[in-house]
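Chemist: Here is the input, now give the coordinates:
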Amino acid sequence: MSPRIALLGVLLALLIFSGLLRGQSDEPPKDSRQTKDIPAKDSLLARIWDGVQQAQQKYTSYCGTITETRTSSLMVKPMVLRGKFCAEGTTRFSLEYSEPSKVRIRYNDGYLNLTTGDKTQVMEVGGSVRRAQSYFSRENSIGNLKKNFTITAREESADFEMSLVPRTDAFRRRLNFLVVKLDKRNFLLRSLEVSGKSGVDSVFAIDPNSLNPKIPAETFEVYEP
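Modeler: Numbering: from 1, shown residues only. Got it, this is the predicted structure:
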């Protein structure tokens, strides 16, 4: 998996499932068309979706810590990366790994910067991010999800879990599956498992510790190509 694809996948996953995406409709989430046509057998999915929509309205920014455990058949043992992140709205995101080495990822309004050591790679990825976000922020988003993924929802003692397996070639070419865990109290992302076709799998453990903070603008400063 190339660094560009891997980083973009991480960025999209965290933006999409972090509870930070805000719907484009001004209608209240519970009255929108996102859930009214969901069959009774999908009532748990509808319940989760309503909770996520409400979280999207309530939490417009947050910061926390993240631990990524990365595995591959080419690795002798799993690689564990630890860091911190902040996100604001749908357009600004910062992730800084401090262990095992320093890596900084910043996304701001379409531009992605990857900094390792004294080198910064600059990429324009806004189109890809917006296309992915459109599946989650428009009125037909739940329909788009069910069209492209087979979704299994489960309720656990402290979390809601959703397993997503690609149904269409566009996603099957890159992804084996996603497993998303949301906190039952606030519907924020707590864990994300990403299994890629490259043979690299990652599990992100996410601990949000600051909700709706005022984040300094320099946190998201990026270079543009």
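
Chemist: switch to C-alpha atoms for all contacts and neighbour counts from now on
Modeler: Noted.

Chemist: which element is the residue lying closest to Val52 once chain neighbours are set aside on?
Modeler: Using Cα to Cα, 6 or more residues apart in numbering and skipping the chain neighbours, the partner closest in space to Val52 is Phe187 (5.6 Å). Using DSSP states H and E, Phe187 is not contained in any helix or strand.

Chemist: Touching, Phe187 and Ala55? I think so.
Modeler: Yes - in this structure, Phe187 is within contact of Ala55 by Cα atoms under 8 Å, at 6.3 Å.

Chemist: on that earlier part again, what backbone torsions are found at the residue nearest to Val52?
Modeler: The phi/psi pair for Phe187 (degrees, to the nearest 10) reads phi 60, psi 30.

Chemist: do you know how far it is from Ser98?
Modeler: 27 Å (Cα to Cα, to the nearest Å).

Chemist: And these two? Which one has more around it.
Modeler: Using other Cα atoms under 10 Å, the more surrounded residue of Phe187 and Ser98 is Phe187, with 23 against 13.

Chemist: Could you pull up the residues touching that one?
Modeler: In this structure, Phe187 makes contact with Gly19, Ile48, Gly51, Val52, Ala55, judged by Cα atoms under 8 Å, 6 or more residues apart in numbering.

Chemist: can you rerun that using 7 Å?
Modeler: Gly51, Val52, Ala55 (Cα atoms under 7 Å, 6 or more residues apart in numbering).

Chemist: Would you double-check that the second one falls in a helix?
Modeler: Yes - counting by DSSP: H, G, I helix; E, B strand; the rest coil, Val52 falls inside a helix.

Chemist: that older thread, could you measure the residue nearest to Val52 against Thr71, distance?
Modeler: Distance of Phe187 to Thr71, given as Cα to Cα: 27 Å.

Chemist: I figured Arg92 hits Leu112, correct?
Modeler: No - under the criterion of Cα atoms under 7 Å, Arg92 makes no contact with Leu112, lying 9.8 Å away.

Chemist: Okay then, goodbye and thanks.
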